[in-house]
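Q: Return a 3D structure for these sequence lines:
(one chain, ligands or ions: 2)
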Amino acid sequence: MTADTDAKGARGTAGAAVPGLATASLCQTRRVPPEKLQWKELYAEVVTTGLCTGCAGCVIVCPHDVLGYRDDEGIYRPFQTEDGFGPDDCSHGQKGCTSCTRACPRFRAWEPEIDEFLFGRARRVDEASGVFKDVVLAKATDPVLQEVGQDGGLVSAILLYALEHDVIDAALVSYLEGDGSTWKAIPGVARTKDDILAAAGSRYTYSANTMAYNDAGDGATSPTGAIPGHHRPLHHDI
Ligand code: SF4
Ligand code: SF4
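A: Ligands and ions are numbered 1, 2, ... in the order given. So this is what the prediction gives:
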């Protein structure tokens, strides 16, 4: 597609606008790949624009280990570490690596793709929460989990069930620094019920749980045995 059609909408062979295609063309330019989108685009569109949630997903998936993660002075952001390149570029990205953009949950409009994959259609404008089959209010039945959970301990109960039934080897969770008074969340691995109880509750701050993935590898039987879970960055238990 040429710059002309990008700017003015899709055109037929005679140059006339094709009714209905302008909107589709615009949507396609907002979706993840087929172009080789890499750190350069991620840095410009997410890290420096306020869209970044500090989840560290890009850091963990980077196959060349050129991304670091800053979590001091209230700054929770990934950064590029490769010698000879500035913060806004990556030599591997220039050669075709796209892992970080594909892992990032804030990069462009990924929702239509996952909606298509899960439900066979993209969400409508009146489905701000996404496509869903049902809405359920639930809480843990174990009073201990109810007590330590923020709003009923459901996530803790799910993790405990998965652990005790060998669905997972471990979970990537969020602990609190020290006695909790600093409100700083520390990513970690939960391998026991006590670990899950210690990580229960909300964290109203950043927590890059994925950063604990390498620690999980020590005890997990497979890389997929440890799941990211419990507390999403900036949000909480259910
Ligand atoms: S483009 Fe590839 S190598 Fe470069 S930061 Fe992204 S994932 Fe890492
Ligand atoms: S993957 Fe997470 S940490 Fe990396 S740029 Fe995206 S939101 Fe930020």
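Q: ok, residue 142 touching residue 158?
A: No: assessed by Cβ atoms under 8 Å, residue 142 is found out of contact with residue 158, at 11.6 Å. Where you see a C-beta, it was placed from the backbone N, CA and C, and this is true even at glycine.
Q: Which one's more surrounded, the two?
A: Neighbour comparison, residue 142 and residue 158: the larger count goes to residue 158, with 19 against 15 (by other Cβ atoms under 10 Å).
Q: what's next to the helix or strand hosting residue 58, contact-wise?
A: Assigned by DSSP states H and E, residue 58 falls within helix 57-61. With Cβ atoms under 8 Å, 6 or more residues apart in numbering as the contact definition, helix 57-61 has outside contacts at 39, 42, 67-69, 78, 99-105, 208, 210-211, 213.
Q: Could you identify the buried members of these?
A: Buried by 16 or more other Cβ atoms under 10 Å: 39, 42, 67, 69, 78, 99-105, 208, 210-211, 213, out of the contacts of helix 57-61.
Q: Among these, which lie within strands?
A: Among the buried ones among the contacts of helix 57-61, the subset assigned to strands under DSSP state E consists of 67, 69, 78.
Q: The first one contacts residue 79, correct?
A: Going back to what we said before, that points to residue 67. Yes: contact criterion Cβ under 8 Å: residue 67 and residue 79 qualify, at 7.0 Å.
Q: how about the residues of the chain near ligand 2?
A: 42, 46-47, 52-58, 78, 103-106 (Cβ under 6 Å from any ligand atom).
Q: between those, which is nearest residue 133?
A: Nearest to residue 133 among the residues of the chain next to ligand 2: residue 105, at 21.8 Å, using Cβ to Cβ.
Q: coming back round to it: from the residues of the chain next to ligand 2, which ones fall inside helices?
A: Those of those mapping onto helices are 42, 57, 58, 103, per DSSP state H.
Q: Need the max-distance pair from those.
A: Of all the pairs that those form, the one spanning the most space (Cβ to Cβ) is 42 and 57, at 10.5 Å.
Q: who touches both of these two?
A: With Cβ under 8 Å, 6+ apart, residue 42 and residue 57 have common neighbours residue 104.
Q: got a list of what the residue nearest to the spatial centre of the chain touches?
A: Taking Cα atoms, centre = their mean, the centroid of the chain lies closest to residue 105, which sits 4.2 Å from it. Residues near residue 105 by Cβ under 8 Å, 6+ apart: 53, 55, 57.
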